[in-house]
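Asks: Got a predicted structure plus its sequence, pasted below:
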Amino acid sequence: MAKKVLYAVGLLIKTVLLCCTAAQQWEATGQPEVSKFGMMLQRHIFKRITGAGLSDVCLRGCYADVRCQSFNYVFTQDICELSNRTKEARPEDYVPNHERFYFKRDYKRVPLGSISELPAETCQEIKMSEGGQAVSGKYWFHSIVPERTVLAPCDMKTEDVDECNSTIPVCDTNAECANTIGSHSCSCKADFTGNGKKCVDVDECANKSHDCDANASCNNTAGSYRCICNSWYQGNGTSCYFRGLNNSVILTSLDYTNYTGKLLSYLEPVLLSSEWSRFVKCWHAKTEGWAASTFHSNCDGRGPTVTIIKANDSIFGGYTDVSWGLSGSCRCSYARKAFLFSLNNIKGYNPVKLTQYRYQHDAMCSCSRYGPIFGWGRDIIIYNDAVNNQGSYTECGGTYKNPTGYSSGDCKFFTGAFRFTPSDIEVFFEIGGFGASTILGGLDPNEYLGKMISFLDPVLPSASRTDFIKCWHAKTDGWAASKFHSKCDGRGPTVTIIKMNDSIFGGYTDVSWSGGRHIKFFKKGYSYASKAFIFSLYNVKGYNPVKLTQYRYQQYAMYRCNTYGPTFGGHDIYISDGSGNNQNSYTRCGSTYTTPSGYSYGNCGFFTGGSHFSPTDVEVFYEAGLGLSAILRSLDYNQYLKVLFSYLDPVLINKERSRFVRCWHAKTDGWAASTFHSNCDGRGPTVTIIKVNSYIFGGYTDVSWTSGSCAYSSASKAFVFSLYNVKGYNPVKLTQYRYQQYAMYRCSSRGPTFGWAHDIYLHDDAVNNQHCYTRCGGTYSNPTGYSAGDCKFFTGASNFTPSDIEVFFEITN
């Protein structure tokens, strides 16, 4: 009994002393602590201190640990129990216990959830811990992600934690998180499946839910898929079509896989662009004539070409990445990608590709007296008028490797004989579009090429039927302004791409460049260009694409001068003559085009880091299609081509995919009606453009020309038009108003002829006679002020002699 009394007295003394010590500490700090005998906070103890004795070990232990919010003193065992919560935060865990004292720490107590070492469970807990005074903000929690501490926003009004904005995602990276009061939900994004906490990609390629073309491969990507046209095709993946060699008369009747497909597999590694490249025929000897001069007039300066030769059953030819062209005499040159090929040879179908192995400086030779020539020693040479002689021949091993089993010298491999007479020859030139850009070629297509095209889309007549061809590449063609003008003037809309170290920028204009030369309608100086804009893809801010449109002084949209390169505004972008060799080029902010964000009017460092610069490369591309018209390309685009496009738009087969290819150019192909028919018959819809001095007119028909027995034909969409007539520049479209069954007249001895009686009639060999004529009101409506009969509206006279004629046929592949 005496022992129990002594034990109780001892406990009482310890408690009094501890309380006194605590009171002294709290009095010194001015922070009264809360203590309660017979109570404890359970379930939140993170540390125990034994041997507390009569010292202030409990207090010091709590103060020394930022996690300590309160502690229980077990006076029967001299143990301190440190807790990371207070009774205010967890009132449900504040319970009676006759062996303990409960102490709440107020002195330098860290608010619950304010540090990662002291994470909370709920916003309500934080609010209660601080006596309802906690403010909304970001707090640390351990309850959002299992076994992880995260920082997340807490709204003290609703007592809701926003799990969706925590530092560690609560949903799968391929899911959407939706916050709700007291909870949240996770749902997988489109093209993913799962419960939101875990989302798995839907493989559209495997389950056939994609829209890739039958001639494309489907590549699954995270959350999507990508369609890529097979190597023999061109397009965007959802629509793929042949690269143009399907228009080969030589190859078209042969097994595609063995012939066209094999040739395209040889071409694939050397294409300007695997995505954009296609081939357009520039010469077909059998229909356009065998003269070497015809080959050169049609194909010189076209860039990369593929030549296909047929001699009886043999089919062979060559590719060159360098333009054919004349410099007054025969000239051989390097063409590092050039090769020869044979599809059908002395061994029958036996495809082979022969690359260069020596004398690369003679990879190709251009000579006015000859057709295509490949290699030193003339591995392949096509003579003038080759169909009428045996001058053409093949030599093995000149520049290109010997076929297996053959040695250098006279070569029977290709045709069975050294000399041969070809039965047909075709030459196709390559159009690479923007894929041919040297500046953009090595850069991410989505960030650079894709972004530039997105800038262009709103200003193109029709993005899918507009092809772009490079007309000037300063680094290879030369930096002189005269080079730019000689290659790009009169081409219609253009895109200029400029590179200066890492900086890439440029401009678009819908009006032709000119150098102040004596070309009708071209003037030197400033000019309007309503759709023109400038752009930057990489600038002082790094990759930071921006499109800057006109905001004032639109009359200064572009500056045309024979001693200037491409120049936009006054002068927002100016490229000097010989710019690669001087620092005279410069940029100026805000002259005509909007000022980049953060810049003001004046000398401008936005584009290159300084106002003056020396470009490392410049490229200019022009729109192709009808833009290739020899008659129209030297004239103001807005006044001529653009108007003709507007006439054609309502009758196109496919507004998104239609484009036009020239089948007859009288001035270069010859004026015979038979040439027109051999080139253009059976081609489907066509546009005929006629030039008589300054007068320009023609017609469109949606029905093919033929050369059988002479007869009229209906053509429901046919019309005639005039761009320049007796009233000067006065564009008009004349549609059918009667005798629709006479919309066109098809006859082997006549050129294109429209209407009853005939509204437009083109005679055979028209350049050498005055038999062509126009009549008003036969089938097509009369021009204003004219009545039916002989018609001077189009040319100033009824009868005329054309100075040029072109016919383009419409394609959608």
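Replies: Good, I have the coordinates.
Asks: wait, isn't P372 in contact with F295?
Replies: Yes: P372 is within contact range of F295, at 7.2 Å (criterion: CB atoms under 8 Å). Any C-beta I mention is one placed from the backbone N, CA and C, and that applies to glycine too.
Asks: Need the overlap of contacts for those two.
Replies: Common neighbours of P372 and F295 (criterion: CB atoms under 8 Å, 6 or more residues apart in numbering): 324, 427.
Asks: Count the neighbours of S716 for me.
Replies: Neighbour count of S716, defined by other CB atoms under 10 Å: 11.
Asks: Spit out the contact partners of Y63.
Replies: Counting by CB under 8 Å, 6+ apart, Y63 makes contact with 105, 107-108.
Asks: In JSON lines: those residues, plus secondary structure, pLDDT and distance to M558.
Replies: As requested, those are exported to JSON lines (DSSP: H, G, I helix; E, B strand; the rest coil; pLDDT from 0 to 100; distance: CB to CB, whole Å):
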{"residue": "R105", "secondary structure": "coil", "pLDDT": "89", "distance to M558": "76"}
{"residue": "Y107", "secondary structure": "coil", "pLDDT": "81", "distance to M558": "76"}
{"residue": "K108", "secondary structure": "coil", "pLDDT": "86", "distance to M558": "71"}
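Asks: so which of those is the most crowded?
Replies: In terms of neighbours by other CB under 10 Å, those top out with R105 at 21 neighbours.
Asks: Excluding chain neighbours, what is closest to that one?
Replies: In this structure, R105 finds its nearest non-sequential neighbour in C62, 5.3 Å apart by CB to CB, 6 or more residues apart in numbering.
Asks: again with I534
Replies: Counting by CB to CB, 6+ apart, I534 lies nearest to G507, which is 4.1 Å off, once chain neighbours are set aside.
Asks: Can you show me the helices along the stretch 151-300 of the chain?
Replies: Using DSSP state H, counting those that start in this stretch, the helices of the stretch 151-300 of the chain run over 249-252, 260-267, 285-288, 292-299.
Asks: quick one: buried residues of the second one?
Replies: Read it as helix 260-267. Neighbour counts using 16 or more other CB atoms under 10 Å place 260-264, 266-267 of helix 260-267 among the buried residues.
Asks: Let me have those residues in JSON lines, adding pLDDT and distance to G789 as columns.
Replies: Output for those, formatted as JSON lines (pLDDT from 0 to 100; distance: CB to CB, whole Å):
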{"residue": "T260", "pLDDT": "86", "distance to G789": "52"}
{"residue": "G261", "pLDDT": "84", "distance to G789": "57"}
{"residue": "K262", "pLDDT": "89", "distance to G789": "59"}
{"residue": "L263", "pLDDT": "91", "distance to G789": "55"}
{"residue": "L264", "pLDDT": "88", "distance to G789": "55"}
{"residue": "Y266", "pLDDT": "92", "distance to G789": "59"}
{"residue": "L267", "pLDDT": "91", "distance to G789": "55"}
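Asks: Just give me the closest of the residues you listed to Q740.
Replies: Checking the buried residues of helix 260-267 against Q740 by CB to CB gives T260 as the nearest, at 40.0 Å.
Asks: Poorly predicted segments of the stretch 251-400 of the chain, please.
Replies: Across the stretch 251-400 of the chain, the ranges flagged by pLDDT under 70 are 275, 326-328.
Asks: so S143 sits right up against Q124, yeah?
Replies: No: using CB under 8 Å, S143 is not in contact with Q124, being 11.6 Å away.
Asks: which stretch of helix or strand covers the closest residue to S129 other than its chain neighbours?
Replies: Nearest in space to S129, with sequence neighbours left out and distances taken as CB to CB, 6+ apart, is A89 at 3.8 Å. Assigned by DSSP states H and E, A89 falls within no helix or strand.
Asks: my guess is A89 meets P111, correct?
Replies: No: between A89 and P111 there is no contact under CB under 8 Å: 10.5 Å.
Asks: who has more neighbours, the two?
Replies: A89 (26 against 16).
Asks: Could you check how far that one is from P650?
Replies: Counting by CB to CB, to the nearest Å, the gap between A89 and P650 amounts to 76 Å.
Asks: ok, now V618?
Replies: On the measure of CB to CB, V618 and P650 end up 38 Å apart.
Asks: the more surrounded of these two?
Replies: More crowded of V618 and P650, by other CB under 10 Å: V618, with 25 against 10.
Asks: residues contacting the more buried one?
Replies: By CB under 8 Å, 6+ apart, the residues touching V618 are 472-475, 479, 484, 496-499, 565-566, 575, 579-580.
Asks: With that, I have no additional questions.
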